[in-house]
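Visitor: Here's a sequence, model it:
(2 chains)
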2 protein chains.
Amino acid sequence: MTALVNYQIVLNRRPVGEPTPEDFRMVEQPMPTPGPDEVLLKVLYLSIDPYMRGRMSDAESYATPVPLNGVMVGGTVARVEVSNHPNFQAGDLVLSMSGWQSYAVAHGSHLTKLGNTLPRPSYALGLLGMPGITAYMGLLDIGQPKAGETVVVASASGAVGSMVGQIAKLQGCRVVGIAGGDKKCRYVTEELGFDVCLDHRAPDFAQQLAQACPDGIDVYFENVGGAVFDAVMPLLNPKARIPVCGLISQYNATSLPGGPDRLSLLARTILVKRIRMQGFIVFDDYWHRYGEFFQQMSQWVAEGKVKLLEDCVEGLENAPQALIGLLRGDNFGKVVVQVARDL
Amino acid sequence: MTALVNYQIVLNRRPVGEPTPEDFRMVEQPMPTPGPDEVLLKVLYLSIDPYMRGRMSDAESYATPVPLNGVMVGGTVARVEVSNHPNFQAGDLVLSMSGWQSYAVAHGSHLTKLGNTLPRPSYALGLLGMPGITAYMGLLDIGQPKAGETVVVASASGAVGSMVGQIAKLQGCRVVGIAGGDKKCRYVTEELGFDVCLDHRAPDFAQQLAQACPDGIDVYFENVGGAVFDAVMPLLNPKARIPVCGLISQYNATSLPGGPDRLSLLARTILVKRIRMQGFIVFDDYWHRYGEFFQQMSQWVAEGKVKLLEDCVEGLENAPQALIGLLRGDNFGKVVVQVARDL
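Guide: Residues are numbered from 1 along each chain as shown, chains lettered A, B, ... in the order given. Below is the predicted model:
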């Protein structure tokens, strides 16, 4: 075996506000060697997701932050190169959490074998992966939409939002998406089948949302926060449900906005409208139900009932820019980095 | 029958901020006459509850406001004087929503017969009435406390708060109450059996709360909002539950407080701690389970496992002051107005 190098992208410093390329650093490491029951993995695809911004900070959150000079975390599709584990052999495709690097060692028990049934291996990072189960469980288990109800979701062309809307349509709901710009909005209605999609950049966005929800909002799948939530709040129906999946508009915020302090207004809205607002973290709360999700979603994929645009970036070195762009809303669909060719 | 007069207290004007005696007006009306299937009721006890402040305003809320010059709403224990309904006869004690007046007419189908098993008829307005079922359902159905968890509730000597804490103790929880002043706090720990009770007026209240909750807070039964919620928020454990029953500290507020705007901070807390925050209105959400509640609570009352101090005010004319005082926290226990003697 030639002396291959493992390229890694590490956290160079903790960002203040929006991350910059200087917050990341590429380093070269010797190839790792798998121990007993471990495998050596070659990373093919790296998933880029909003939660990664949180891991770059050391503020209290739901997960341990990435340490300074530590490899950035991330879900990956990888190929087994060397296996010391009885369940895997060289050539197997697996889902792993190998992070931002070209090779990794993992214990066999931390891997999910992907088989050869996926239309594309990278689907395991989108439709059939973390974004898919996030949308599926957040919407169905917490949001509990009923046919005829109105479901609103932002980042509607993104990985989670596009799935939320499509699953809600399969439940017979009226679905209103929110996205940035005409091109995304057209895609969301014409290709994904949402009833309406509104551009949150429009100066009269709040009025447009009210018009698009003549019967109010029964489920608001919260993944952005900020001005979108402000427009949603007055439209919530009694007994509305708000699964809180993310707050991407807030991730780069360095301080709270100016007053008045509307904390009590939110509490009052929850009270008088008898709203259920519930945060969830798919890794902790729902990963044990991955099998149930995978079965249903695979069927929908096979039947052509759901789809997900992939925004694929070539080369590990472009991962930092891919995350920076995702947090700005520059992406169009699920962002993955192709770290190496499959072949 | 002598020409009796029906005394009523009506809404004279909508209060701005704290209600004043001038917002109410006593009027004399002729005695009402029951029609087919109706009964004439003599009101014995009137329940005074925080929600009444909301009904005095015409801001959007969960219930229709009392119209100007309309009789103030309220739960009552009454005695049937004349019955045109087959299920009732003169002398029966009933639970009704007759409001702030000395006599009323009601359709038989809107009444609950109380029988003679209550230790005191006014219990139907407290322990075994609306405050009791509010505490019971909010805590058990939404809060879902488990043995060993920490439950926090404010207005701990009040009708709902005192029941929440006692029911939580029966579930094996550590219970931290919050009340106004030493006398109430002593009552809450010594008589009601809470583990701790803190005076929210103490300058170091937030620190005291943190010390009283060394393992964090698993269930916060929200009935006050404001500074208590601010002290609770950083102590909430992952997967904490917040039944939102009321926000008494906010009811007299005429504007939102100054910034910063912490709405997004609350949303972020809900997200990263995977909190479930859920508003409920006992009349709409749980009244159909009154029988289940009544059976369990009656048993606890009979076994001496729960108790409720009654703060009884004599005379309908004192009802406005009783409500004004309740909103200020002047009361000590469940506030009822004795409108007429039982005999």
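
Visitor: In the stretch 101-250 of chain A, what residue comes closest to chain B?
Guide: A:V244 (4.7 Å; CB to the nearest CB). Backbone N, C-alpha and C define where each C-beta goes, glycine included.

Visitor: Show me the beta-bridge partners of that residue.
Guide: A:E222, A:G279 (DSSP bridges).

Visitor: Name all residues that make contact with it.
Guide: A:222, A:277-280, B:267, B:270-271 (CB atoms under 8 Å, 6 or more residues apart in numbering or on different chains).

Visitor: who's in contact with A:G148?
Guide: A:172-174.

Visitor: Wasn't A:K42 part of a helix?
Guide: No - counting by DSSP: H, G, I helix; E, B strand; the rest coil, A:K42 is not part of a helix but strand.

Visitor: that older thread, farthest-apart pair in the contacts of A:V244, please.
Guide: Maximum pairwise distance in the contacts of A:V244, criterion CB to CB, is 13.1 Å, between A:F280 and B:A267.

Visitor: Now the residue nearest to A:A168 when sequence neighbours are not counted: which helix or strand?
Guide: Of all residues beyond its chain neighbours, the one nearest A:A168 is A:V151 (4.1 Å), with distances taken as CB to CB, 6 or more residues apart in numbering or on different chains. A:V151 is part of strand A:150-153 when elements are defined by DSSP states H and E.

Visitor: low-scoring stretches of the stretch 201-343 of chain A, by residue?
Guide: The stretch 201-343 of chain A contains residues with pLDDT under 70 at A:342-343.

Visitor: ok now do the residue of chain A found nearest chain B, which residues does it touch?
Guide: In chain A, no residue comes nearer to chain B than A:G259, which is 2.1 Å away by CB to the nearest CB. Neighbouring residues of A:G259 by CB under 8 Å, 6+ apart: B:256-261.

Visitor: Mind checking which of those are in strands?
Guide: The strands in this structure, assigned by DSSP state E, contain none of those.

Visitor: If any of those residues are buried, put those into a PyMOL selection.
Guide: Selection of buried members from the contacts of A:G259 for PyMOL, criterion 16 or more other CB atoms under 10 Å in any protein chain shown:
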select buried, chain B and resi 256+261
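
Visitor: so which of the contacts of A:G259 comes closest to chain A?
Guide: B:G259 (2.1 Å).

Visitor: A:V228 is in contact with A:A179, isn't it?
Guide: No - counting by CB atoms under 8 Å, A:V228 stays clear of A:A179, with 10.6 Å between them.

Visitor: and for these two, which residues touch both?
Guide: A:154, A:200.

Visitor: Settle it for me: which of the two has more neighbours?
Guide: Higher neighbour count among A:V228 and A:A179: A:A179, with 28 against 24, using other CB atoms under 10 Å in any protein chain shown.

Visitor: Just the buried positions in stretch A:311-330, please.
Guide: Buried-residue list, stretch A:311-330, by 16+ other CB under 10 Å: A:311, A:313, A:316, A:318-327, A:329.

Visitor: Sitting in helices, which of those residues do you find?
Guide: Of those, the ones assigned to helices by DSSP state H are A:319-327.

Visitor: want to try TSV for these, with distance to A:Y51 as columns?
Guide: Shown next, in TSV, are those (distance: CB to CB, whole Å):
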residue	distance to A:Y51
A:A319	15
A:P320	16
A:Q321	18
A:A322	14
A:L323	10
A:I324	15
A:G325	16
A:L326	11
A:L327	11
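
Visitor: wait, which of these is closest to A:V66?
Guide: A:L323 (12.1 Å).

Visitor: Perfect, that will be all.
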